[in-house]
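In: got a sequence here, can you model it:
(chains A and B)
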Amino acid sequence: NAGVMQNPRHLVRRRGQEARLRCSPMKGHSHVYWYRQLPEEGLKFMVYLQKENIIDESGMPKERFSAEFPKEGPSILRIQQVVRGDSAAYFCASSRLGDEAFFGQGTRLTVV
Amino acid sequence: AQTVTQSQPEMSVQEAETVTLSCTYDTSESDYYLFWYKQPPSRQMILVIRQEAYKQQNATENRFSVNFQKAAKSFSLKISDSQLGDAAMYFCAYRSYRAGSYQLTFGKGTKLSVIP
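Out: Numbers count the residues shown, from 1 in each chain, chains lettered A, B, ... in the order given. Next up is the predicted model:
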(Lines give C-alpha, C1' and ligand atoms only; values in the text may rest on other atoms or scores of the structure.)
Protein backbone atom coordinates (compact mmCIF):
# COMPACT_ATOMS: atom_id res chain seq x y z
CA ASN A 1 0.00 0.00 0.00
CA ALA A 2 1.76 3.09 -1.26
CA GLY A 3 1.78 6.13 0.98
CA VAL A 4 0.53 9.58 0.12
CA MET A 5 2.21 10.64 -3.10
CA GLN A 6 2.89 14.26 -3.89
CA ASN A 7 4.40 15.58 -7.07
CA PRO A 8 6.44 17.30 -8.02
CA ARG A 9 8.82 17.28 -5.04
CA HIS A 10 10.32 20.57 -6.17
CA LEU A 11 8.69 23.20 -8.34
CA VAL A 12 10.20 26.46 -9.54
CA ARG A 13 7.94 29.14 -11.00
CA ARG A 14 8.52 32.68 -12.13
CA ARG A 15 6.39 35.40 -10.64
CA GLY A 16 3.03 35.54 -12.39
CA GLN A 17 3.01 31.90 -13.49
CA GLU A 18 0.66 29.21 -12.25
CA ALA A 19 1.66 26.39 -9.90
CA ARG A 20 -0.16 23.05 -9.80
CA LEU A 21 0.58 20.70 -6.94
CA ARG A 22 -0.74 17.13 -7.01
CA CYS A 23 -1.60 14.75 -4.22
CA SER A 24 -2.62 11.11 -4.58
CA PRO A 25 -4.07 9.88 -1.28
CA MET A 26 -3.46 6.47 0.19
CA LYS A 27 -5.68 3.71 -1.12
CA GLY A 28 -9.05 3.76 0.61
CA HIS A 29 -8.67 7.34 1.83
CA SER A 30 -11.36 9.75 0.70
CA HIS A 31 -10.33 12.77 2.78
CA VAL A 32 -7.49 15.10 1.82
CA TYR A 33 -5.94 18.03 3.68
CA TRP A 34 -3.52 20.63 2.38
CA TYR A 35 -1.06 22.46 4.64
CA ARG A 36 1.56 25.13 3.99
CA GLN A 37 4.85 25.38 5.84
CA LEU A 38 6.78 28.64 5.65
CA PRO A 39 10.50 28.57 6.56
CA GLU A 40 11.07 28.09 10.31
CA GLU A 41 7.34 27.69 10.90
CA GLY A 42 4.90 24.93 11.69
CA LEU A 43 2.37 23.65 9.21
CA LYS A 44 -0.69 25.82 8.65
CA PHE A 45 -3.98 24.30 7.54
CA MET A 46 -5.28 25.47 4.19
CA VAL A 47 -8.16 23.29 3.01
CA TYR A 48 -9.96 20.02 3.77
CA LEU A 49 -11.60 18.14 0.92
CA GLN A 50 -13.64 15.03 0.44
CA LYS A 51 -14.20 13.50 -2.98
CA GLU A 52 -15.85 16.23 -5.11
CA ASN A 53 -16.51 18.43 -2.04
CA ILE A 54 -14.71 21.16 -0.16
CA ILE A 55 -15.43 20.60 3.54
CA ASP A 56 -13.44 23.48 5.03
CA GLU A 57 -11.41 26.11 3.18
CA SER A 58 -11.01 28.52 6.09
CA GLY A 59 -7.22 28.50 5.78
CA MET A 60 -7.08 29.28 2.07
CA PRO A 61 -6.10 32.77 0.92
CA LYS A 62 -9.12 34.43 -0.66
CA GLU A 63 -7.49 35.06 -4.00
CA ARG A 64 -5.32 33.06 -6.40
CA PHE A 65 -5.58 29.77 -4.47
CA SER A 66 -7.98 26.95 -5.26
CA ALA A 67 -8.19 23.23 -4.55
CA GLU A 68 -10.12 20.31 -5.90
CA PHE A 69 -10.44 16.59 -5.27
CA PRO A 70 -12.27 15.05 -8.22
CA LYS A 71 -14.05 11.72 -8.23
CA GLU A 72 -11.18 10.27 -10.24
CA GLY A 73 -7.58 11.34 -10.03
CA PRO A 74 -5.43 13.23 -7.56
CA SER A 75 -6.24 16.27 -5.50
CA ILE A 76 -4.87 19.48 -7.02
CA LEU A 77 -3.81 22.66 -5.24
CA ARG A 78 -3.62 25.46 -7.76
CA ILE A 79 -1.92 28.79 -7.22
CA GLN A 80 -2.44 31.39 -9.91
CA GLN A 81 -0.13 34.33 -10.58
CA VAL A 82 2.42 33.21 -7.98
CA VAL A 83 4.32 35.79 -5.92
CA ARG A 84 7.54 35.45 -3.91
CA GLY A 85 5.52 35.08 -0.69
CA ASP A 86 4.02 31.83 -2.01
CA SER A 87 7.43 30.15 -1.72
CA ALA A 88 6.94 27.42 0.87
CA ALA A 89 6.61 23.70 1.36
CA TYR A 90 3.10 22.43 0.66
CA PHE A 91 2.03 19.21 2.35
CA CYS A 92 -0.88 16.97 1.62
CA ALA A 93 -2.32 14.46 4.09
CA SER A 94 -5.04 11.88 3.61
CA SER A 95 -7.25 9.83 5.89
CA ARG A 96 -10.36 7.74 6.16
CA LEU A 97 -13.23 9.58 7.84
CA GLY A 98 -12.15 10.65 11.33
CA ASP A 99 -9.02 8.51 11.27
CA GLU A 100 -5.36 9.39 11.59
CA ALA A 101 -3.97 11.43 8.71
CA PHE A 102 -0.87 10.31 6.81
CA PHE A 103 1.37 12.90 5.20
CA GLY A 104 3.09 13.04 1.85
CA GLN A 105 6.67 14.24 1.50
CA GLY A 106 5.62 17.70 0.43
CA THR A 107 6.24 19.92 -2.58
CA ARG A 108 8.74 22.71 -2.19
CA LEU A 109 7.62 25.66 -4.28
CA THR A 110 10.17 28.32 -5.11
CA VAL A 111 9.05 31.50 -6.83
CA VAL A 112 11.81 33.40 -8.62
CA ALA B 1 -10.19 28.65 17.62
CA GLN B 2 -7.61 26.32 19.00
CA THR B 3 -3.99 27.34 19.45
CA VAL B 4 -0.88 25.27 20.13
CA THR B 5 2.24 26.76 21.71
CA GLN B 6 5.71 25.27 21.81
CA SER B 7 7.85 27.55 23.93
CA GLN B 8 11.22 25.94 23.20
CA PRO B 9 12.46 26.82 19.69
CA GLU B 10 15.56 24.68 20.18
CA MET B 11 16.67 21.93 22.55
CA SER B 12 19.71 19.71 22.75
CA VAL B 13 20.37 16.41 24.47
CA GLN B 14 23.34 14.13 24.92
CA GLU B 15 23.08 10.77 23.22
CA ALA B 16 21.52 8.16 25.56
CA GLU B 17 20.07 10.86 27.82
CA THR B 18 16.44 11.91 28.29
CA VAL B 19 14.85 15.10 27.02
CA THR B 20 11.38 16.59 27.44
CA LEU B 21 9.74 18.85 24.87
CA SER B 22 6.95 21.14 26.05
CA CYS B 23 3.60 21.90 24.47
CA THR B 24 0.57 23.79 25.71
CA TYR B 25 -2.70 24.32 23.90
CA ASP B 26 -5.88 26.26 24.25
CA THR B 27 -9.33 24.89 23.49
CA SER B 28 -12.89 25.06 24.75
CA GLU B 29 -13.61 21.51 23.63
CA SER B 30 -13.64 18.54 25.98
CA ASP B 31 -12.93 15.82 23.44
CA TYR B 32 -9.95 16.06 21.10
CA TYR B 33 -6.72 14.40 20.03
CA LEU B 34 -3.15 15.52 20.56
CA PHE B 35 -0.16 14.44 18.50
CA TRP B 36 3.57 14.75 18.30
CA TYR B 37 5.08 14.69 14.81
CA LYS B 38 8.74 14.42 13.89
CA GLN B 39 10.10 16.18 10.80
CA PRO B 40 13.66 15.16 9.88
CA PRO B 41 15.65 17.02 7.20
CA SER B 42 13.87 14.93 4.55
CA ARG B 43 10.73 16.98 5.45
CA GLN B 44 8.59 13.85 5.83
CA MET B 45 6.08 14.31 8.66
CA ILE B 46 6.23 11.21 10.86
CA LEU B 47 3.67 10.55 13.57
CA VAL B 48 5.49 9.84 16.84
CA ILE B 49 2.65 9.46 19.30
CA ARG B 50 -1.01 10.33 19.78
CA GLN B 51 -3.21 10.88 22.82
CA GLU B 52 -6.98 10.88 23.07
CA ALA B 53 -8.17 13.49 25.55
CA TYR B 54 -10.74 11.15 27.10
CA LYS B 55 -8.01 8.70 28.09
CA GLN B 56 -6.39 9.42 31.42
CA GLN B 57 -3.49 7.08 30.78
CA ASN B 58 -0.48 8.68 29.14
CA ALA B 59 0.43 7.25 25.74
CA THR B 60 3.77 5.50 25.23
CA GLU B 61 5.54 4.25 22.11
CA ASN B 62 8.84 2.55 22.86
CA ARG B 63 11.26 5.32 23.91
CA PHE B 64 8.62 8.04 23.48
CA SER B 65 6.06 8.92 26.13
CA VAL B 66 3.84 11.86 26.90
CA ASN B 67 2.78 13.67 30.05
CA PHE B 68 -0.81 14.74 29.35
CA GLN B 69 -2.27 17.18 31.87
CA LYS B 70 -5.77 17.95 30.64
CA ALA B 71 -6.66 20.54 33.27
CA ALA B 72 -3.44 22.43 32.64
CA LYS B 73 -3.76 21.92 28.85
CA SER B 74 -0.24 20.63 28.71
CA PHE B 75 1.12 17.83 26.52
CA SER B 76 4.87 17.24 26.82
CA LEU B 77 6.92 14.63 24.98
CA LYS B 78 9.66 12.67 26.74
CA ILE B 79 12.32 10.95 24.66
CA SER B 80 14.35 8.41 26.61
CA ASP B 81 17.74 6.97 25.61
CA SER B 82 18.10 9.61 22.89
CA GLN B 83 19.63 8.46 19.62
CA LEU B 84 21.31 10.40 16.82
CA GLY B 85 18.35 9.60 14.58
CA ASP B 86 16.05 11.49 16.94
CA ALA B 87 17.54 14.79 15.76
CA ALA B 88 14.72 16.61 13.95
CA MET B 89 12.00 19.24 14.27
CA TYR B 90 9.21 18.13 16.58
CA PHE B 91 5.71 19.52 16.20
CA CYS B 92 2.87 19.29 18.66
CA ALA B 93 -0.58 19.21 17.04
CA TYR B 94 -4.24 19.37 18.07
CA ARG B 95 -7.21 17.83 16.33
CA SER B 96 -10.85 18.32 17.17
CA TYR B 97 -13.19 15.41 17.77
CA ARG B 98 -16.05 17.22 15.98
CA ALA B 99 -17.19 15.91 12.63
CA GLY B 100 -15.95 18.07 9.78
CA SER B 101 -13.13 19.55 11.87
CA TYR B 102 -10.46 16.94 11.38
CA GLN B 103 -7.67 19.29 10.33
CA LEU B 104 -4.60 19.59 12.53
CA THR B 105 -3.47 22.75 14.31
CA PHE B 106 0.30 22.76 14.76
CA GLY B 107 2.71 24.54 17.05
CA LYS B 108 5.78 26.27 15.63
CA GLY B 109 8.04 23.38 16.46
CA THR B 110 11.10 22.57 18.55
CA LYS B 111 14.40 21.78 16.86
CA LEU B 112 16.05 18.92 18.71
CA SER B 113 19.79 18.34 18.38
CA VAL B 114 21.41 15.15 19.68
CA ILE B 115 25.03 15.49 20.77
CA PRO B 116 27.19 12.39 20.30
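
In: quick check: the most centrally placed residue in chain B vs residue A:62, distance?
Out: With distances taken as C-alpha atoms, centre = their mean, chain B has residue B:36 as the residue nearest its mean C-alpha position (3.0 Å). Residue B:36 sits 32 Å away from residue A:62, taking C-beta to C-beta, to the nearest Å as the criterion. No exception for glycine: its C-beta is placed from N, CA and C like everyone else's.

In: isn't the residue nearest to the centre of chain B up against residue B:94?
Out: No: taking C-beta atoms under 8 Å as the contact criterion, residue B:36 and residue B:94 are not neighbours in contact, 11.2 Å apart.

In: got the contact list for the closest residue to residue A:85 other than its chain neighbours?
Out: The spatial neighbour of residue A:85 that comes closest, neighbours along the chain excluded (C-beta to C-beta, 6 or more residues apart in numbering or on different chains), is residue A:111 at 7.9 Å. Contact criterion C-beta atoms under 8 Å, 6 or more residues apart in numbering or on different chains gives A:12-15, A:82-87 as the residues in contact with residue A:111.

In: how about the contacts made by the residue nearest to the centre of chain B?
Out: Contact analysis of residue B:36 by C-beta under 8 Å, 6+ apart lists B:21, B:23, B:47-50, B:64, B:66, B:75, B:77, B:90-93.

In: now the closest residue to residue B:59 other than its chain neighbours: phi and psi?
Out: Distances taken as C-beta to C-beta, 6+ apart put residue B:51 closest to residue B:59, at 4.7 Å, once the chain neighbours are dropped. Its backbone dihedrals place residue B:51 at phi -140, psi 130, with angles given as degrees, to the nearest 10.

In: near chain A, which residues of chain B show up?
Out: Taking C-beta under 8 Å from any C-beta of the partner chain as the criterion, chain B approaches chain A at residues B:4, B:6, B:42-45, B:47, B:50, B:91, B:99-109.

In: buried residues in stretch B:30-46, which are they?
Out: Under the neighbour-count criterion of 16 or more other C-beta atoms under 10 Å in any protein chain shown, stretch B:30-46 has B:32-39, B:43-45 buried.

In: my guess is residue B:96 contacts residue B:2. True?
Out: Yes: at 7.2 Å, residue B:96 counts as touching residue B:2 under the criterion of C-beta under 8 Å.

In: what sits in contact with each of the two?
Out: Counting by C-beta under 8 Å, 6+ apart, the contacts common to residue B:96 and residue B:2 are B:29, B:32.

In: just the buried ones from the contacts of residue B:36?
Out: Among the contacts of residue B:36, those scoring as buried are B:21, B:23, B:48-50, B:64, B:66, B:75, B:77, B:90-93 (criterion: 16+ other C-beta under 10 Å).

In: so which of these is the closest to chain A?
Out: Chain A has its nearest neighbour among the buried ones among the contacts of residue B:36 in residue B:91, at 5.4 Å by C-beta to the nearest C-beta.
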